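**Student:** Just the structure for this:
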Amino acid sequence: MVVGDLEATIRLYVETLGFRQLYRETVADQGVEIVGLSVGESVIELLRPLAGDSPIARFRGDAPAKMHHIAYRVNDIVAELARLKASGVRLIDDTPRKGAHGNSIAFLHPESTGGVLTELCQSTHRAG
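**Tutor:** Now for the predicted structure:
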């Protein structure tokens, strides 16, 4: 979710809704500060644009917050991208790129996913 006031949104989700903050980092090459929040087994990310004229800031517009995309964790992102491409899914990223906390990510075009920008995410961290 792209937010205008990151601190107020964190307070809402943590103090009022009972989420737990997992991480906070800046991903400069994507132009965002990212905060990961969890409740149960679900995780959401709050995205704060680093520049007011960035594409993600323009996407949010005047709204206080706006849903940007949905992400799904996969075990083998390269294989999943190949499978989806062979199935006719339009890819934004033909190859994975670095996302938050070093994860490999790739986006699928909304034209192929019912109008929803969709992210595939492969964790670089092993459960232990």
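
**Student:** where does Cys121 land in three-state SS?
**Tutor:** strand (DSSP: H, G, I helix; E, B strand; the rest coil).

**Student:** Just list whatever residues bridge to it.
**Tutor:** Beta-bridge partners for Cys121, by DSSP bridges, are Arg73, Ile105.

**Student:** isn't it right next to Phe107, touching?
**Tutor:** No - the criterion here is Cβ atoms under 8 Å, and Cys121 misses it with Phe107 at 10.2 Å. All C-beta atoms are positioned from the backbone trio N, CA, C, and that covers glycine.

**Student:** Report the residue ranges of every domain in the chain.
**Tutor:** 1-68, 69-128 (automatic domain parsing).

**Student:** Mind putting these into TSV with mean pLDDT and mean neighbour count?
**Tutor:** Formatted as TSV, the domains of the chain follow (pLDDT from 0 to 100; neighbours: other Cβ atoms under 10 Å):
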stretch	mean pLDDT	mean neighbour count
domain 1-68	91	15
domain 69-128	89	14
